[in-house]
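> build the 3D model from these lines:
(2 chains)
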Amino acid sequence: MKPAPFNYIVPTSIDEALALLEEHAPDARLLAGGQSLVPMMNFRLSRPSHLIDLNCIPDLAFIQDNKDHISIGAMTRERTIEESSLVRSSIPLLYEATRHIAHLPIRSRGTIGGSISNADPAAEYPAALLTLDGEMVVRSKQGKRQIKASDFFKGIMETAIEPNELLVEIIVPKVPPGTGFAFVEISRRHGDYALAGIAAQMTLSGKTVTNVRLAACGVGPCPIRLNDAEKQIIDDGLTEKSIQSAAKAAALEVDPETDLHATADYRRRLTAVLTQQALLKAKERAQENN
Amino acid sequence: MDEQSISLTVNGTEQNGEAEPRMSLADFLRERLGLTGTHIGCEHGVCGVCTVICDGMAVRSCLMFAVQADKKEIRTIEGLADGDTMHPLQTLFSEQRALQCGFCTPGMLMTAVDLVDNNPSITPPEIKAGMSAVLCRCTGYEGILKAVEAYAKQIKGV
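Predicted structure coming up:
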């Protein structure tokens, strides 16, 4: 057996989980899909005193169609999201991001809430939610908070969730008509974490860009919204030149590091290339939907 | 931490056993049930050789605790063949020489079963991407992909 011993607790309701968290935080860890936490425990890099398993709380696993947004329970499996026709039609960027996450057997267990709370710098969902203007609902025994994606990701594997809080739901606005999207990334091998990835979404009204949002993953401590790149497109429209300027701007506003997989310079270069690819793909899809 | 009782269905047979919460499903299958066909490689979810089917979906059994498999239905490599008759995918692996040392083969087969049985219209590029979930260090994958593609054709009936 590889992990250090722990006390294993299986709550069956959100309230029960919150009480346990209050009692055992900060030495307790919440177990979602376990596709990142269990490897860390197997390496004994994580040695929680208590492991609170969220897999038996039915109220945390759902995909709900609300008027102008989709609500997704934190314990919804990545595979369920991938197979959801609602996600595919109403928030297709999230579907495309999901297809890039590891491999199918990992997505069978991995959850959206787990990925977001773990906040790996290279993870796909945080960048997708920043682009989609998603919001996270967190609960504690004291109450409920709703946090915008732009305020949620704080640093390397660091989020706005307090030790006594539980992420329960992710709210994603449905895309308006005339919207195109793209999630593109480069990794060493299929299924590996990305060296760099770009999420893009834009809305066209005729030939005018009414909205464009871009975010990058793998090139900073947390997902980075590419404001300067977006501005190039909003100011100058969608021309070959403005897309190139946006790609250049994107490369300058990310904050990549050198590691054994790639240098910081290479990651900047990838950011530019991927921004261009994402914008072109999103444009094409927006035109099809217009 | 004390051992906990669990009861699960493995390859159609109900099994009861005891496991410490930190025991992986892979260790439980091998050490408690003697089902050593499920291999253990990296033990952090990367190599895929420990892949089993849990409630119809391929999962890494090194990243699931045995206690989490309580009341679940597990299918392992031992559950593929029908008595002495090999599963069609096993026959195709043999015909296409899709294995050399055989260490990754249980993971390859269980992954392929999920990919094809749950998506009979799967395309060759999707098979290629899907099978990259398991690492093979000897065959170079050509035979594996041919075998899985042939299996998909059989399932589709073309």
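
> how's chain B carved up into domains?
Per automatic domain parsing, the structural domains of chain B span B:4-79, B:88-156.

> so does the last one get close to chain A?
Think domain B:88-156. Yes - for domain B:88-156, a contact with chain A is found by CB under 8 Å from any CB of the partner chain, at B:111, B:114-115, B:129-130, B:132-133. To be clear about C-beta, it is placed using only N, CA and C from the backbone, and glycine gets the same treatment.

> spatially central residue for chain A, please.
With distances taken as CA atoms, centre = their mean, the residue of chain A nearest its centroid is residue A:125 (1.6 Å).

> name the element the residue nearest in space to the middle of chain B belongs to?
By CA atoms, centre = their mean, chain B has its centre lying nearest to residue B:110, at 2.9 Å. Counting by DSSP states H and E, the element that carries residue B:110 is helix B:105-117.

> list the buried residues of that helix.
Neighbour-count burial for helix B:105-117, counted by 16 or more other CB atoms under 10 Å in any protein chain shown, picks out B:105-116.

> show me which residues of stretch A:275-286 are buried.
Per 16+ other CB under 10 Å, stretch A:275-286 contains these buried residues: A:275-283, A:285-286.

> now tabulate those in a markdown table and tack on pLDDT, distance to chain B and secondary structure.
Below are these laid out as a markdown table (pLDDT from 0 to 100; distance: CB to the nearest CB, whole Å; DSSP: H, G, I helix; E, B strand; the rest coil):
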| residue | pLDDT | distance to chain B | secondary structure |
| --- | --- | --- | --- |
| A:275 | 98 | 24 | helix |
| A:276 | 98 | 24 | helix |
| A:277 | 98 | 19 | helix |
| A:278 | 98 | 20 | helix |
| A:279 | 98 | 25 | helix |
| A:280 | 98 | 21 | helix |
| A:281 | 98 | 18 | helix |
| A:282 | 98 | 22 | helix |
| A:283 | 97 | 24 | helix |
| A:285 | 97 | 20 | helix |
| A:286 | 96 | 26 | helix |
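
> hang on, the earlier thing: OK, contacts around the residue nearest to the centre of chain A?
By CB atoms under 8 Å, 6 or more residues apart in numbering or on different chains, the residues touching residue A:125 are A:94, A:97-98, A:101, A:112, A:115-116.

> hey, where'd the strands end up in the stretch 151-290 of chain A?
A:153-155, A:158-159, A:166-173, A:179-186, A:196-205, A:208-217, A:224-225 (DSSP state E, counting those that start in this stretch).

> now chain B
Taking DSSP state E as the criterion, chain B carries its strands at B:4-10, B:13-19, B:51-54, B:57-60, B:73-75.

> chain B contacts on the stretch 1-150 of chain A?
So the stretch 1-150 of chain A meets chain B at A:1-8, A:34-35, A:38-39, A:41-43, A:51, A:53, A:55, A:79, A:103-106, A:108-109 (CB under 8 Å from any CB).

> coming back round to it: could you measure the nearest residue to the residue nearest to the centre of chain B once chain neighbours are set aside against residue B:29, distance?
Closest residue in space to residue B:110, ignoring its immediate chain neighbours: residue B:51 at 4.6 Å, by CB to CB, 6 or more residues apart in numbering or on different chains. Using CB to CB, to the nearest Å, one obtains 12 Å as the distance from residue B:51 to residue B:29.

> tell me the SS of the residue nearest to the centre of chain A?
The three-state label given to residue A:125 by DSSP: H, G, I helix; E, B strand; the rest coil is helix.

> give me the spatial nearest neighbour of it, chain neighbours excluded.
Excluding the flanking residues, the one nearest residue A:125 by CB to CB, 6+ apart is residue A:115, at 4.5 Å.

> what is the burial count for that neighbour?
Here the number of neighbours of residue A:115 (other CB atoms under 10 Å in any protein chain shown) works out to 26.

> then residue A:144?
So residue A:144, with other CB under 10 Å, has 11 neighbours.

> what sits against it?
Counting by CB under 8 Å, 6+ apart, the residues that residue A:144 touches are A:137-138.

> my guess is residue A:69 meets residue A:169, correct?
No - counting by CB atoms under 8 Å, residue A:169 is not a contact partner of residue A:69; they are 10.7 Å apart.

> more neighbours: those two, which one.
Set residue A:69 next to residue A:169 and count neighbours by other CB under 10 Å: residue A:169 wins out with 22 against 19.

> for the more buried one, list each beta-bridge partner.
Beta-bridge partners recorded for residue A:169 (DSSP bridges): residue A:73, residue A:137.

> quick check: residue A:28 vs residue B:19, distance?
Taking CB to CB, one finds residue A:28 at 21 Å from residue B:19.

> closest residue of the stretch 101-250 of chain A to chain B?
Residue of the stretch 101-250 of chain A nearest chain B, by CB to the nearest CB: residue A:103 (3.4 Å).

> could you count how many residues lie near that residue?
24.

> returning to that earlier point: now the residue nearest to residue A:125: how far from residue A:174?
From residue A:115 to residue A:174 the distance is 21 Å (CB to CB).

> wait, what's in contact with residue B:118?
B:56-57 are the contacts of residue B:118 under CB under 8 Å, 6+ apart.

> show me where the chain has its helices.
No chain was given, so I picked chain A. Using DSSP state H, the helices of chain A run over residues A:14-24, A:37-42, A:78-83, A:85-90, A:92-99, A:104-109, A:112-118, A:124-131, A:149-152, A:227-236, A:240-253, A:264-289.

> can you look at chain B instead?
Counting by DSSP H, the helices of chain B are B:25-27, B:88-95, B:105-117, B:124-131, B:142-156.

> how close does the closest residue to residue A:114 other than its chain neighbours sit to residue A:129?
Excluding its sequence neighbours, the residue lying closest to residue A:114 (CB to CB, 6+ apart) is residue A:32, at 3.1 Å. Here the criterion is CB to CB. By it, residue A:32 lies 16 Å from residue A:129.
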